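1. Please work out how this folds:
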Amino acid sequence: MADRRVVETYDAGMNMLFIAVFSARSFEQGQPPLYHEREYWQLSPLL
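-> Prediction:
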């Protein structure tokens, strides 16, 4: 998985938005990682 460092946080009402910098990655080129429910996800292309 990736090493990451949170650089900013935003209060979004009932949620928090975390902006992080990744120093290593195991994701496909051009695919941004998404973190949801303690797991990393990738977006799939629209059909």
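
2. With adjacent residues omitted, what lies nearest to the residue nearest the centre of the chain?
-> Residue closest to the average C-alpha location in the chain (Cα atoms, centre = their mean): L34, at 3.6 Å. Of all residues not flanking L34 in the chain, W41 sits nearest, at 4.5 Å (Cβ to Cβ, 6 or more residues apart in numbering). Backbone N, C-alpha and C define where each C-beta goes, glycine included.

3. picking up where we left off before, spit out the contact partners of the residue nearest to the centre of the chain.
-> Applying Cβ atoms under 8 Å, 6 or more residues apart in numbering to L34 gives the contacts 40-43.

4. so of those, which ones are in strands?
-> Residues of the contacts of L34 located in strands (DSSP state E): 40-41.

5. Tabulate the contacts of L34 (a markdown table), appending neighbour count, pLDDT and distance to R4.
-> As requested, the contacts of L34 are exported to a markdown table (neighbours: other Cβ atoms under 10 Å; pLDDT from 0 to 100; distance: Cβ to Cβ, whole Å):
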| residue | neighbour count | pLDDT | distance to R4 |
| --- | --- | --- | --- |
| Y40 | 13 | 77 | 10 |
| W41 | 12 | 76 | 15 |
| Q42 | 10 | 72 | 15 |
| L43 | 9 | 72 | 18 |
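
6. Can you add distance to V6 and give the contacts of L34 back as CSV?
-> Conversion of the contacts of L34 to CSV gives the following (distance: Cβ to Cβ, whole Å):
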residue, distance to V6
Y40, 15
W41, 18
Q42, 20
L43, 21
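
7. low pLDDT regions in this protein?
-> 1-2, 24-32, 47 (pLDDT under 70).

8. ranges for the strands of it?
-> 4-12, 15-22, 34-36, 39-41.
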